[in-house]
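Novice: Attaching a predicted model along with its sequence, questions to come.
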Amino acid sequence: MSLQSSIPTKLLSLALCAALLAGCTLNAEPPAKPQEEPLQLIEPETQESEEKIPFHRTPELVSFTLPKEKFPDDLERRASEAIDSAIEKAVSCVLTMKDSRHSAKSYPWERDPNGYLAKLTDKGQSALERIARAGREFKEVTITSQEYGESVKDLYFDIYLPLTYCEPALSSYLCVDADSRYTALTACYFDPAKDANFKVSDGKTDMKTVKEGAELLDRVIKRVVRFMPEGLCTYDKYYYLAAVISEKVTYDKAPRNRFTPYGALVDGRAVCEGYSQAFFLLCQEAGLWCAFRHGLPKGEGHVWNMVRLESGIYNVDITWSDGYGEPHTVDWYDCFVKPDDDFDFDGHAITSGPKSTGTFEPCPYEGEKNT
């Protein structure tokens, strides 16, 4: 689809526009996920007495079940139904795989670790903040060329990357429409369970549906972080959040909302854009530093995340890890907390994003690196 021919007349979601502007389709296939025999769960004390890090085989998982609770409202019940199974599996994983060899030092979450906002003009930043604020408050906003002082054509393209990657929660229900002459930009709202072709302004959904979808996503995110086990090192905090996503999401190009964190965390089906935005939002709620990274494996666009430990910044590609196996298996760790050299070697073809500064953090299957 041509950007030039289609954008003035057809609305594109923030995530898809960001992908196109980054020069990629974000449809790079992850590795095929192998079929495994069902896992037999055992009690923590049995696990700890028989299995020690570094593991020499796949350990059996500690069993974990969330406590029963009385939900304050129907939305919390729906959030529980959407994510609790993945939370339970992720807690089982982290209780089994937690590794005291890593540092507890963490770095705070940043809104724009990729530096997208700094590339905007002052007027561009002001316009973006107006749209983002309206989106968070579910209000209408239109920015005209007259008040902007010039054509909004450049602004239309310039704000997609910062709006998508600095405010990824909005990409689940907010898009920006430009008229054919680029005289005005308008924030539009759509059904989070679908895409930008189902807008409130077109009468294909209503604002109640939009607000409930946005709140449901927020409730899911908060549940994930609320049930994170206490006392984890920073490596294992990232691991728990990644394991939730890996347990919840299936890679799927078919759903309309496959590019969004709602598609990943609520509906459980997404492509790399949904995986990576979901991880960014979970890190935001947990107060952990996180960034985005882009590449062109096999010539197709792909996005993943970067995390920061005391030893440096590392790559985390949950989409590919998910394709390699379950979160407690050795192959899953091939794309979790790895330096650039490892990602260059496996064909990620890195094109943009913060560079890795760390060199090695052992996974539970590895011993300390020889120096």
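Specialist: In hand now; what should we look at?
Novice: Give the buried residues for the helix or strand containing Val94.
Specialist: Using DSSP states H and E, Val94 falls within helix 74-97. Neighbour-count burial for helix 74-97, counted by 16 or more other Cβ atoms under 10 Å, picks out 76, 78-80, 82-84, 86-97. (Glycine included, C-beta is placed from N, CA and C.)
Novice: Could you do stretch 325-342 as well?
Specialist: Those would be 325-340, 342, for stretch 325-342 by 16+ other Cβ under 10 Å.
Novice: Same check on stretch 290-309?
Specialist: By 16+ other Cβ under 10 Å, the buried positions in stretch 290-309 come out as 290-297, 301-309.
Novice: Could you do stretch 348-360 as well?
Specialist: His348, Ala349, Ile350, Gly353, Pro354, Ser356, Gly358.
Novice: measure the fifth one to His102 for me?
Specialist: Summarising the geometry, the distance separating Pro354 from His102, computed by Cβ to Cβ, to the nearest Å, is 20 Å.
Novice: Strands of the stretch 1-150 of the chain, residue ranges please.
Specialist: Here the stretch 1-150 of the chain has its strands, by DSSP state E, counting those that start in this stretch, at 142-144.
Novice: And the helices in it?
Specialist: Along the stretch 1-150 of the chain, counting by DSSP state H, counting those that start in this stretch, helices occupy 3-6, 14-21, 44-50, 74-97, 122-137, 145-148.
Novice: could you dump the fourth one to CSV, C-alpha only?
Specialist: So that's helix 74-97. Only the C-alpha atoms of helix 74-97 are listed here, as CSV (Å, rounded to 0.1, in the frame of the first residue of the first chain):
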residue,chain,number,x,y,z
ASP,A,74,-17.4,-6.4,36.3
LEU,A,75,-14.5,-4.7,34.5
GLU,A,76,-12.1,-6.2,37.1
ARG,A,77,-13.6,-9.6,36.6
ARG,A,78,-13.1,-9.3,32.8
ALA,A,79,-9.5,-8.2,33.4
SER,A,80,-9.0,-11.3,35.6
GLU,A,81,-10.5,-13.5,33.0
ALA,A,82,-8.2,-12.0,30.3
ILE,A,83,-4.8,-12.2,32.1
ASP,A,84,-4.8,-14.3,35.3
SER,A,85,-3.9,-17.6,33.6
ALA,A,86,-0.8,-15.9,32.1
ILE,A,87,0.0,-14.4,35.4
GLU,A,88,-0.1,-17.7,37.2
LYS,A,89,2.1,-19.3,34.6
ALA,A,90,4.6,-16.4,34.7
VAL,A,91,4.8,-16.5,38.5
SER,A,92,5.4,-20.3,38.4
CYS,A,93,8.2,-19.6,35.9
VAL,A,94,9.9,-16.8,37.9
LEU,A,95,9.6,-18.7,41.2
THR,A,96,11.4,-21.6,39.5
MET,A,97,13.9,-19.6,37.5
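Novice: just checking, what packs against it?
Specialist: Counting contacts by 3 or more Cβ pairs under 8 Å, 6 or more residues apart in numbering; DSSP states H and E, helix 74-97 packs against helix 207-226, helix 234-248.
Novice: Now do that helix: distance to the chain's middle.
Specialist: In terms of Cα atoms, centre = their mean, to the nearest Å, the centre of helix 74-97 is found 17 Å from the chain centre.
Novice: quick one: it to helix 207-226, angle?
Specialist: Relative orientation of helix 74-97 and helix 207-226, computed by axes from the mean of the first three to the mean of the last three Cα atoms, to 10 degrees: 30 degrees.
Novice: between helix 74-97 and helix 234-248, how many degrees?
Specialist: Following the same axes, to 10 degrees, one obtains 120 degrees for the angle between helix 74-97 and helix 234-248.
Novice: Quick one: mean pLDDT over helix 74-97.
Specialist: For helix 74-97, mean pLDDT is 98.
Novice: Quick one: the strands in the stretch 151-300 of the chain, in order.
Specialist: 174-178, 184-189, 250-251, 269-270, 290-295.
Novice: so which of these gets nearest Tyr148?
Specialist: Closest of these to Tyr148 is strand 184-189, at 8.5 Å (criterion: Cβ to Cβ).
Novice: Enumerate the positions of that closest one that are buried.
Specialist: Ala184, Leu185, Thr186, Ala187, Cys188, Tyr189.
Novice: And for Pro72, the neighbour number?
Specialist: Neighbour count for Pro72, taken as other Cβ atoms under 10 Å: 8.
Novice: let me redo that: Ser201
Specialist: A count of neighbours around Ser201, defined by other Cβ under 10 Å, yields 14.
Novice: Same question for Glu368.
Specialist: So Glu368, with other Cβ under 10 Å, has 9 neighbours.
Novice: pretty sure it is touching Pro362, no?
Specialist: Yes. Counting by Cβ atoms under 8 Å, Pro362 is a contact partner of Glu368 at 6.2 Å.
Novice: Overlap in contacts, those two.
Specialist: Arg101 (Cβ atoms under 8 Å, 6 or more residues apart in numbering).
Novice: now the strands of the stretch 151-300 of the chain in TSV, with mean pLDDT and distance to Tyr235?
Specialist: Formatted as TSV, the strands of the stretch 151-300 of the chain follow (pLDDT from 0 to 100; distance: least, Cβ to Cβ, whole Å):
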stretch	mean pLDDT	distance to Tyr235
strand 174-178	97	34
strand 184-189	97	38
strand 250-251	98	25
strand 269-270	98	24
strand 290-295	98	14
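Novice: and these as JSON lines, adding distance to Met228?
Specialist: Output for the strands of the stretch 151-300 of the chain, formatted as JSON lines (distance: least, Cβ to Cβ, whole Å):
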{"stretch": "strand 174-178", "distance to Met228": "28"}
{"stretch": "strand 184-189", "distance to Met228": "31"}
{"stretch": "strand 250-251", "distance to Met228": "23"}
{"stretch": "strand 269-270", "distance to Met228": "21"}
{"stretch": "strand 290-295", "distance to Met228": "15"}
